[in-house]
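Asker: The following block contains a protein sequence and its predicted model.
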Amino acid sequence: MNTQIAYRRFDLVRSGLLALGCALALGSLASAAVAAEPQSPSTAKGTVNVNTATVEQLTKLPRVGMKLAQRIVDYRKTNGGFQKAEDLMGVKGIGEKFFAVLRPFVATAGSTTLSEKVAHAKKARTSSRSKKSEIPRRG
């Protein structure tokens with residue numbers, strides 16, 4: 001009888017330790033996933049100096065991939081650097097709207113301090129279709 005109680009206690013302790021181990025593993029995975037996510041524009045801190053930044057550093061800007069970062073570097077080499085941040089609009093693919101997204105994270109002097117990719121919050125799309133409830137029905 002005592003051995004049955006001991007086995008039950010052992011099973012309970014083993015089950016509890018297993019559950020605790022699973023919870024710790026899931027918690028560490030969740031925190032790693034959060035750390036790997038790009039920073040939102042509201043929480044991102046730092047700037048990228050477009051006159052000295054590498055392609056890799058430029059890709060940390062919102063909506064900037066490898067191709068656009070390379071175009072920025074090529075433009076900089078060809079034209080001798082950017083005098084002001086607005087000069088980025090001379091790079092193919094950067095217009096006024098896109099520049100407005102980049103502006104908080106761009107500098108033309110100083111060091112690059114942006115350390116993580118900045119995610120760009122997408123605008124909600126509005127549908128051009130009418131809702132069925134808004135269409136008058138013929139009787």
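Answerer: Sure, I can see it.
Asker: Which segments of this protein make up each domain?
Answerer: 1-36, 48-107 (automatic domain parsing).
Asker: Could you measure from residue 50 over to residue 77?
Answerer: 12 Å (Cβ to Cβ, to the nearest Å). From N, CA and C alone the C-beta is placed, and that goes for glycine too.
Asker: For the two, work out which one has more neighbours and name it.
Answerer: Legend: neighbour count by other Cβ atoms under 10 Å for residue 50 and residue 77, higher for residue 50 (27 against 9).
Asker: Next up, the contacts around the closest residue to that one other than its chain neighbours.
Answerer: Here the nearest residue to residue 50 in space, its sequence neighbours aside, is residue 82; by Cβ to Cβ, 6 or more residues apart in numbering that works out to 5.3 Å. Remark: with contacts taken as Cβ atoms under 8 Å, 6 or more residues apart in numbering, residue 82 is in contact with 50-51, 76, 88, 108.
Asker: element containing residue 99?
Answerer: For residue 99, the element it lies in under DSSP states H and E is helix 96-102.
Asker: May I see the buried residues of that helix?
Answerer: The neighbour-count check on helix 96-102 (16 or more other Cβ atoms under 10 Å) flags 98-99, 101-102 as buried.
Asker: again, but for stretch 98-118
Answerer: In stretch 98-118, the ones that count as buried by 16+ other Cβ under 10 Å are 98-99, 101-102, 105-108, 112, 114, 117-118.
Asker: Check those residues and tell me the two furthest apart.
Answerer: Every pair in those was compared (Cβ to Cβ); the two farthest apart turn out to be 108 and 117, at 21.1 Å.
Asker: about what we covered before: show me what the helix holding residue 99 is packed against.
Answerer: With contacts defined as 3 or more Cβ pairs under 8 Å, 6 or more residues apart in numbering; DSSP states H and E, there are no secondary structure elements packing on helix 96-102.
Asker: Which one of the contacts of residue 82 is nearest to residue 61?
Answerer: residue 50 (8.9 Å).
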